[in-house]
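Chemist: A structural model of the following input is requested.
(5 chains)
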Amino acid sequence: MFASFVHTVYTLAFATILLLVVGGALLAVTARNLIHCFFGLVGALLGVAGLYYNLGSPLLAVMQVMIYIGAVCVAIAFGLTLTRKQGEEGMRPLDIKAAIPVVLVVAMLSATLKSLAGREIVASARKIDESRIGWMLLGDYLLPFELISILLTVAVIGAVTIALINRRI
Amino acid sequence: MNSPLATALARIGIDYRPRVPAVGLRCSLHILPEQIRSLARSLAGEGFFIETVTAEDMPEQNRMDGIYLFNHYEGDMRLLVRVTVSRSRPHLPSIGRIFPGAVWHERETAEMFGITFDGCPDSRNLLLPEEATFHPLRKDFTGV
Amino acid sequence: MNGYRYLAGIVTGSVSLLKGMRVTFANMVSRPHTVQWPRQTAPLPARFRGHIRMLADEETGFPRCFACGSCARICPSACITVQGRKPGDRKKKVAVRFLLDFTKCSLCGLCVESCPARALAFSRDYALAGYRDTEFRTMDLLEGLASPFQF
Amino acid sequence: MSISPVTIVCYLLGISAVVGLNAVILVWLERKVAGHMHFRYGPMEVGPHGLLQTLADGIKLLGKQFLVPDAADRPLFLLAPVVSLVPIFVAMVPLPLGETLQAWELNIGLLLVVALGLLNTLGILLAGWGSNNKYALLGGSRAVAQILAYKIPLLLCILTIIMMAGSYSLRQIALAQKDGWYILYQPLLFIIYIVTITLETNRSPFDFSEAESELVAGFHIEYSAMGFSLFFLAEYSYMFIAAALASILFLGGWQGPFLPGPVWSLLKLYGIIFLLMWFRWTFPRLRIDQMLHLGWKILLPLALVNFLVTAGVLAL
Amino acid sequence: MSAPPTYSLESTDNGNFLLNLGPQHPGTHGVLRVVLQMDGEYILAADPVLGYGHRMQEKIAENMTYLQALPYVCRMDYLGAMSYSLAWVCAVEKLCSFEVPERAVHVRVMACELNRIASHLLWWGAYLLDLGAFTPFLQAFADREQILDLLEYITGSRLTYCYFRFGGLAADVDDVFLRRVEDFVTGFRQRLPRYHDLVTGNVIFHHRSKDVGVILPFEAAGYGVTGPCLRGSGFAYDVRKCEPYSGYDRFEFAVPAEQEGDCLARYNVRMAEMEQSLAIIEQAVATIPDGPYRARVPRVIRPPAGEVAMAVETPRGELVIFMVSDGSTRPCRVKFRVPSFANLSIFARLARGQLLADALAILGSLDMVIPEVDR
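Modeler: Purely as a prediction, here's the structure:
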């Protein structure tokens, strides 16, 4: 009785996370209002963080929140607040080009599901030591790590540039 | 006596006749509407500042006087300038492009007395409502 | 040199902030200046100008006002209405109606100064409140005073 | 991973109690501090020295109508206070307020708290945008500009501490200061940290997003009743979290002589909150570009130099 | 010198928008409305909209006797009401050539200077409030309260005093008052360093006010800027010195002036002015003679026909009452040349290209009283 209640709660929590990911992603691509798109993206990224957590890596989940929501999304928001010109209303987000990613995603998903069919899915990764991640990032994966850090710099510089283009004073 | 006031007045050919400053005025002039701009330009060149632009309504004599007060930051050089205009169609040249601060005074005078300031950069009402067309400081104004 | 100025700026700036914080802290531990009205009241000065009130004649207890109307004439906001009548046995008139429109009064005190009978004085009421504006629109200053016309 | 839902519900109730009580106390404290700094008494009428004034105000706010402006973006407008408030409940989970007083010992607790602190800005942006009011919009965009300036020095501060303690766990960090609080080793870092949390909690002299004399009330200009009080609750809860973090990172958390742990925790925490209030009632507000200058040109280099020096000392 | 700002309600493309600052906004100190055309946080153009508190004071004065208009005059500038009363009574005294007893002159100067300090204190607090600091406002109030107590002691009123009369005062002052004034002067002198510690030296305050809202000297003349705003731009023009009235030539005081013309200069001028006012009050208390407080003047004032311009240095600058008398009991034409009006007219010029926060700091530093602008 109690166990089933716990199970229900977990299922509900997982369903919420899924809803956040899928709903957020859909909102991000279909909403006509730019800020709605933005918050759809935030929701989707938060949901992904939840997925990471469910997969047993809280560190990754927290990093997801910190980097994607804290840094990337804030940089996007910064850009948004500086460039409120066109696109707030009347943008047509769905045209024929939108079909391409949809087709790709459907193909990828079906392939994944097909390959997983019949196997048991275990939602638990091995517990990893954070310090090992640190050593790996500063050792074997130093170059990719540094390359990724450029992403944020570019985002910030991009925001500043966009801001400066229209500055008349 | 080589005060800025005398210099400014001499430049446009007006005699400088100082008054006893018991009434707070160093000099009082009565000039023609055409002269006001050149006077203002000459005063601006000597460093005078604009104190106010206003008017006085005299319905018995069927005239209206535009009144300008100038003063100098060196002190005690208040100049009163009166310019008589017709009460029925009052027009004055604007000095708003010479003294930018005069624009507000002219807007106020225009709405209060119905004097049109030709060439004033801004002719909206200042203190009265935007759509008001009455002129409350005229003596015959008794209320809306 | 620039680096020195940069650091010096940070240090002097921080010191100035600390100075300010010292002042506010000193404020905090000093005694508050407020008067906790209505539990405490600040002293009213002797010349306090409240709304005007009518003084009574010491002998008769009648209003001192003889309705000359000089207060009503001098009042800039025309908030005084005064009427008088002559009692049979006296030479002077006595006010029978003295209304103050306190909603218009600007408390300038010109009426008190102009009164030839010294019949007006400032009251010391300052916390007036009422349920209707009419209570202050027509304040009857003769209320509570005796009248030669009452029988 | 196997915490029963009942425990979770208990924790949530406990955290709600802390959030609510903290807000009540802080609002009262803020009014009192402000009052006495102004030669006033502050609230005096409801309860002894006005202790219950906040409660009365809360009840009043409950009874008020929550207005949604016609022109507002309704879903965003309604979502904003929730987005501001909800992360607090999660961020309070790993905070240790005593030896045993901790909802959940999490090995990455510090990162979690810092990450969730970011969501406050999103709440402000949401409110600013959803209100469809120019003042609110300016407030929202200021909040976003602000976060870019203070987050990096803040993270550098935290990284330095992590480096010194060798752990992300708040409990471990506090325990690592058994022999000497980090404030003794890192006084400069403490100052930088205090400045950044003033920025993070949107308090004067950095209250740009609500800047009363410029933007009237900034991002929450259109909020009334419960919407407004939720923002209020969020603001004071973020203060609580930021101050708790400061007491754990620099002042040894609950550790101290004579008194029990939670008492020490609260003393340090409210001491830091008092410092924030003291700032607020002393300083004029900076201009937004001066704040950016402060963040990028003063705090960031100082924090970076401090970080490098600490790393060097630790490596030796 | 440039033309006034032009803006159009339609030009909101390219990210610009119009911001309606006021008429109810904590930064405008009254019912002033400023329409701002903004590009993000920057102001492209500002257009002050006046008249929300317009009461037609000039027409009121023309419809009243000289004495009746006296209470109304105070209502224009409720923070410097003494100076306004003084200007009105001095204008009438000049028209009628009344003599004022020496004692009354001293009390007038004392009351006006106390009022000036009170007004500057309020400005000090309100300006810091504009910059986002709260404590200065009430710290200033704590001291201002003492001045109001003093003025209430002699006038019976705290804000709109109506204390001066033609030829003197409404009532005499006593020794208690003089002693209290002396106490206040010494006490306030001791408290002034706290003001400087809290604000003047503060690094944030310096950043917010230095090089912000610079009034250039030639602009000051073009707009007729007066008072501390003018003296912050390098002109030591003070009516009390240039055209001494009401016995100001008997007292020794300096006219503080600064060269920079920014908000900080205006701030420093006002702070220095408070000290000068203290010096004047001190001298007035020390030299106050015995004697009548009011000259005998006719009960009905009927000045000879003529015109008079009476200039007075109010806390905000030069007030000129221009009065035309036609020999009747009522003035024929009264013009109030109010200092805030001139000082506000330069605001649009100063606000252009500034950040919103700076514009409000500039507005605060000009020390406006909106009922005075609107009249």
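
Chemist: can we go C-alpha only for contacts and neighbour counts from here?
Modeler: Fine.

Chemist: Using the three-state scheme, assign the residue most central in space within chain B.
Modeler: Note on chain B: the residue nearest the mean C-alpha position is B:Tyr68, at 2.7 Å, using Cα atoms, centre = their mean. Of the three states, B:Tyr68 takes strand under DSSP: H, G, I helix; E, B strand; the rest coil.

Chemist: Tell me the pLDDT of residue 98.
Modeler: Going with chain A. Here the pLDDT value assigned to A:Ala98 is 70.

Chemist: The intended chain is chain E.
Modeler: Note on E:Phe98: pLDDT of 86.

Chemist: Quick check: nearest residue in space to it, chain neighbours excluded?
Modeler: E:Gly167 (6.1 Å; Cα to Cα, 6 or more residues apart in numbering or on different chains).

Chemist: circling back to that earlier point, so what's the residue nearest to the centre of chain B up against?
Modeler: By Cα atoms under 8 Å, 6 or more residues apart in numbering or on different chains, B:Tyr68 lies in contact with B:50-54, B:79-82.

Chemist: Now do the same contact list for residue 28.
Modeler: If you meant another chain, say so; for now it's chain A. A:36-41.

Chemist: switch to chain D, that's the one I care about
Modeler: So D:Trp28 contacts D:43, D:50-51, D:53-54 (Cα under 8 Å, 6+ apart).

Chemist: ok, and for whichever strand or helix holds it, which residues are buried?
Modeler: For D:Trp28, the enclosing helix or strand under DSSP states H and E is helix D:5-37. Using 16 or more other Cα atoms under 10 Å in any protein chain shown as the test for burial, helix D:5-37 gives D:11-12, D:15, D:18-20, D:22-37.

Chemist: hmm, back to that, which of the contacts of D:Trp28 lies closest to chain B?
Modeler: Nearest to chain B among those: D:Pro43, at 41.6 Å, using Cα to the nearest Cα.

Chemist: hang on, the closest one in a helix?
Modeler: No: counting by three-state DSSP, D:Pro43 is not part of a helix but coil.

Chemist: so it makes contact with D:Arg31?
Modeler: Yes: in this structure D:Pro43 lies within contact range of D:Arg31 using Cα atoms under 8 Å: 7.0 Å.

Chemist: follow-up on the earlier one: export the contacts of B:Tyr68 as CSV, with columns for pLDDT.
Modeler: Putting the contacts of B:Tyr68 into CSV (pLDDT from 0 to 100) gives the following:
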residue, pLDDT
B:Ile50, 87
B:Glu51, 87
B:Thr52, 89
B:Val53, 89
B:Thr54, 89
B:Leu79, 84
B:Leu80, 86
B:Val81, 87
B:Arg82, 87
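
Chemist: what's the helix ranked longest in chain B packed up against?
Modeler: Ranked by number of residues, the top helix in chain B under DSSP state H is helix B:102-113. If contacts are counted by 3 or more Cα pairs under 8 Å, 6 or more residues apart in numbering or on different chains; DSSP states H and E, helix B:102-113 sits against strand B:48-58, strand B:116-118.

Chemist: Repeat the analysis, applying 10 Å as the threshold.
Modeler: With contacts defined as 3 or more Cα pairs under 10 Å, 6 or more residues apart in numbering or on different chains; DSSP states H and E, the packing partners of helix B:102-113 are strand B:48-58, strand B:63-72, strand B:91-93, strand B:116-118, helix E:217-223, helix E:339-345.

Chemist: Out of those, flag the one nearest E:Ser325.
Modeler: The closest of the helices and strands packed on helix B:102-113 to E:Ser325 is strand B:48-58. By Cα to Cα, the value is 11.6 Å.

Chemist: shaky segments in the chain?
Modeler: Chain wasn't specified; assuming chain A. A:1-2, A:81-95, A:118-130, A:159, A:162-169 (pLDDT under 70).

Chemist: My question was about chain C, not that one.
Modeler: Across chain C, the ranges flagged by pLDDT under 70 are C:1, C:150-151.

Chemist: show me the contacts for the residue of it found nearest chain A.
Modeler: Chain A sits closest to C:Tyr6 of chain C, with a gap of 25.1 Å, by Cα to the nearest Cα. Residues in contact with C:Tyr6, defined by Cα atoms under 10 Å, 6 or more residues apart in numbering or on different chains, are D:297-298.

Chemist: Distance-wise, check it relative to C:Gly20.
Modeler: 21 Å (Cα to Cα, to the nearest Å).

Chemist: With D:Ser209 instead?
Modeler: Counting by Cα to Cα - D:Ser209 and C:Gly20 are separated by 24 Å.

Chemist: Could you do E:Val297 as well?
Modeler: Distance from E:Val297 to C:Gly20, counting by Cα to Cα: 53 Å.

Chemist: So between these two, which is more surrounded?
Modeler: C:Gly20 (25 against 16; other Cα atoms under 10 Å in any protein chain shown).

Chemist: Quick check: nearest residue in space to that one, chain neighbours excluded?
Modeler: By the measure of Cα to Cα, 6+ apart, the closest residue to C:Gly20 outside its immediate chain neighbours is E:Leu198, 4.1 Å from it.

Chemist: list the contacts for the one you found?
Modeler: E:Leu198 is in contact with C:16-24, D:282-283, E:135-136, E:139, E:205, counting by Cα under 10 Å, 6+ apart.

Chemist: On the three-state scheme, it is what?
Modeler: Quick answer, by three-state DSSP: E:Leu198 is helix.

Chemist: Quick check: buried residues in the helix-or-strand element of chain B with minimal mean pLDDT?
Modeler: The weakest-scoring helix or strand in chain B, judged by mean pLDDT, DSSP states H and E, is helix B:4-11 (a mean of 76). Within helix B:4-11, the residues that count as buried by 16+ other Cα under 10 Å are B:4-9.

Chemist: residue boundaries of the strands in chain C?
Modeler: Applying DSSP state E to chain C gives strands spanning C:52-54, C:80-85, C:94-100, C:120-122, C:139-140.

Chemist: for the ones you listed, which one sits closest to B:Gln61?
Modeler: Across the strands of chain C, closest to B:Gln61 is strand C:80-85 (Cα to Cα), at 37.3 Å.

Chemist: so what strands line up beside that closest one?
Modeler: strand C:94-100 (antiparallel) (DSSP bridges).

Chemist: How far does the partner strand sit from its chain's centre?
Modeler: 20 Å (Cα atoms, centre = their mean, to the nearest Å).

Chemist: And the contacts of that strand?
Modeler: Applying Cα under 10 Å, 6+ apart, the set of residues contacting strand C:94-100 is C:51-54, C:62-69, C:72, C:78-87, C:136-143, C:147-149.

Chemist: distance between the helix or strand containing D:Ser141 and the chain's centre?
Modeler: If you go by DSSP H and E, D:Ser141 is part of helix D:134-165. Put simply, helix D:134-165 sits 12 Å off its chain's centre (Cα atoms, centre = their mean).

Chemist: before we move on, the earlier item: okay, the contacts of B:Tyr68 in JSON lines with neighbour count next?
Modeler: Below are the contacts of B:Tyr68 laid out as JSON lines (neighbours: other Cα atoms under 10 Å in any protein chain shown):
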{"residue": "B:Ile50", "neighbour count": "29"}
{"residue": "B:Glu51", "neighbour count": "30"}
{"residue": "B:Thr52", "neighbour count": "27"}
{"residue": "B:Val53", "neighbour count": "25"}
{"residue": "B:Thr54", "neighbour count": "25"}
{"residue": "B:Leu79", "neighbour count": "23"}
{"residue": "B:Leu80", "neighbour count": "21"}
{"residue": "B:Val81", "neighbour count": "21"}
{"residue": "B:Arg82", "neighbour count": "22"}
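
Chemist: From the residues you listed, list the ones also adjacent to chain E.
Modeler: B:50-54, B:80 (Cα under 10 Å from any Cα of the partner chain).
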